[in-house]
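Visitor: Build the 3D model from these lines:
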Amino acid sequence: MTDDPAGRATAASAKPGPIETDGREEPRESEPPREAMQLAAAKREDLAPQRRGRGLAVVAILLGVVLLGAVGVAVWLFLQLEQANARLERQSDLIDEQHDLIEKKEAFGAAVAGIQESIEPLQGLPFASMVPWDRYQEIAETGYSSRWDAEAMDAAILVAQRAAQEMQALQSAAALEAATNASGTAWEATLDQLGRGYVATRIDDAAVTCDLVTALGCVFEAEPLVVHLNAASQSDPSMTDWIRQGVAYHEFAHVLQFTNPGATRPVLEAFDGNAETMADCYALTFLDGWTLEHEVWTSPYEGWDVNVGYGYVCDETERRLIRDWAGGLGVAMRTLSPTGSGSS
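Guide: Residues are numbered from 1 along each chain as shown. Got it, this is the predicted structure:
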């Protein structure tokens, strides 16, 4: 170094070099301190794991979102599958119900056909009202209107089956009645023959039952197939089996009147509305040799003059009318229709 005349020290040379201070060599100003470099390196090393942790967290979040989405899709698919299964089960149930209803409809149709079959043996039998056609038609219509209700169809089938069974039971009872004569009387024998077993004979107190002291017999409109006959006349010496037979014809005419009201009405008018003289004419027409006046001899010297009936002897024109009337009576077959359009 040289001393500046102005008292300032200046460098004798521009060449850089270490400056002597306290005996230590100081670093050059252009290079960062070593400690600073080490600290920066340490900070960089600390920041690297933080960046990796944030990356992993983002990946985890994304995976969670994806997983939740997958679970949501799985749940949605499961619910869709359940709904589809429920629809299939319901459709299967509906198909089963339809099959069940079809079977019930067929069963009901067979039951109604059974009613008609049970009536066929009665065709031509002279008791038209014996077959309750209106009731049977109602059964057919009720079953038709209930065709979509399984329980109602079961009830309709049962009603129809019972109706056929009742008609069959009636025929069985009639066959038994026609084959037997429980009272052993001419009355019952005659009525069984005329009524083919469908007309019941009741031998009782006709004075009480028929409400007429002199009555030999009677028939009620409420019980048109039952003939009540006077039990007291069984021991009456003025009565004979021939007279009893004629009385049975007369009472049978009342059975026909009550069981065929439509066909009877115009014929009854020809007898001035008198059902008794019409019944007498029936007996006079169909029982050969029958009269309304009889002589009953109890010995060679004693006897009875017996008047049976109501005193009017019909003429041939009226008897022809009776024949035509009786010939047109009978059960006529009809077709039971579920829609109410039954025909005969």
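Visitor: from here on, contacts and neighbour counts on C-alpha atoms
Guide: Will do.
Visitor: I figured residue 232 was touching residue 205, is that so?
Guide: Yes: Residue 232 is within contact range of residue 205, at 7.1 Å (criterion: Cα atoms under 8 Å).
Visitor: Who has more neighbours out of those two?
Guide: Comparing residue 232 with residue 205 by neighbour count (other Cα atoms under 10 Å), the higher total belongs to residue 205, at 19 against 13.
Visitor: So for residue 1, what's the pLDDT?
Guide: In this model, residue 1 is scored at 46, pLDDT.
Visitor: Now for residue 120: which residues touch it?
Guide: When contacts are counted by Cα atoms under 8 Å, 6 or more residues apart in numbering, residue 120 is found next to residue 333.
Visitor: Name the SS class of it, please.
Guide: Here residue 120 is recorded as helix under DSSP: H, G, I helix; E, B strand; the rest coil.
Visitor: how much space between it and residue 184?
Guide: According to Cα to Cα, to the nearest Å, residue 120 stands 31 Å off from residue 184.
Visitor: What average pLDDT does the strand or helix carrying residue 164 get?
Guide: Residue 164 belongs to helix 150-179 when assigned by DSSP states H and E. Regarding helix 150-179, the rounded mean pLDDT is 93.
Visitor: again with stretch 200-213
Guide: Stretch 200-213 carries an average pLDDT of 82.
Visitor: Give me the distance from it to the chain's centre.
Guide: 44 Å (Cα atoms, centre = their mean, to the nearest Å).
Visitor: Now it: buried residues?
Guide: Under the neighbour-count criterion of 16 or more other Cα atoms under 10 Å, stretch 200-213 has 200, 201, 202, 203, 205, 206, 207, 209, 210 buried.
Visitor: for stretch 157-175, same thing?
Guide: Buried positions in stretch 157-175, judged by neighbour count with 16+ other Cα under 10 Å: 157, 159, 160, 161, 163, 164, 167, 168, 171, 174.
Visitor: Looking at those, spot the one nearest residue 280.
Guide: Of all the buried residues of stretch 157-175, residue 280 sits closest to residue 174, with 26.1 Å by Cα to Cα.
Visitor: what's the closest one in contact with, if anything?
Guide: If you count contacts by Cα under 8 Å, 6+ apart, residue 174 has them with 196, 197, 198, 199.
Visitor: Adding neighbour count, secondary structure and distance to residue 264 as columns, could you present the residues you listed in JSON lines?
Guide: Listed next are those as JSON lines, based on neighbours: other Cα atoms under 10 Å; DSSP: H, G, I helix; E, B strand; the rest coil; distance: Cα to Cα, whole Å:
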{"residue": "196", "neighbour count": "17", "secondary structure": "coil", "distance to residue 264": "21"}
{"residue": "197", "neighbour count": "24", "secondary structure": "coil", "distance to residue 264": "22"}
{"residue": "198", "neighbour count": "24", "secondary structure": "coil", "distance to residue 264": "20"}
{"residue": "199", "neighbour count": "22", "secondary structure": "coil", "distance to residue 264": "19"}
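Visitor: tell me the helices in the stretch 201-344 of the chain, going along the chain?
Guide: Remark: helices assigned in the stretch 201-344 of the chain by DSSP state H, counting those that start in this stretch are 206-209, 241-259, 261-270, 275-286, 316-327.
Visitor: related to what we said a few turns ago, turn the buried residues of stretch 157-175 into JSON lines, including distance to residue 330.
Guide: Formatted as JSON lines, the buried residues of stretch 157-175 follow (distance: Cα to Cα, whole Å):
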{"residue": "157", "distance to residue 330": "28"}
{"residue": "159", "distance to residue 330": "26"}
{"residue": "160", "distance to residue 330": "23"}
{"residue": "161", "distance to residue 330": "24"}
{"residue": "163", "distance to residue 330": "20"}
{"residue": "164", "distance to residue 330": "19"}
{"residue": "167", "distance to residue 330": "16"}
{"residue": "168", "distance to residue 330": "18"}
{"residue": "171", "distance to residue 330": "16"}
{"residue": "174", "distance to residue 330": "16"}
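Visitor: Walk me through the domains of this protein.
Guide: 54-91, 120-344 (automatic domain parsing).
Visitor: now the first one: mean pLDDT?
Guide: Pointing back at domain 54-91 there. Mean pLDDT, computed over domain 54-91, is 70.
Visitor: before we move on, back to that, weakest of the helices of the stretch 201-344 of the chain in terms of mean pLDDT?
Guide: Among those, helix 206-209 scores lowest, with a mean of 75.
Visitor: And the residue nearest to residue 171 when sequence neighbours are not counted, how far from residue 175?
Guide: Excluding its sequence neighbours, the residue lying closest to residue 171 (Cα to Cα, 6 or more residues apart in numbering) is residue 198, at 7.9 Å. Using Cα to Cα, residue 198 is found at 8 Å from residue 175.
Visitor: Let me see the ranges of the strands in this structure.
Guide: 2-3, 9-10, 200-204, 217-220, 223-230, 293-297, 303-307 (DSSP state E).
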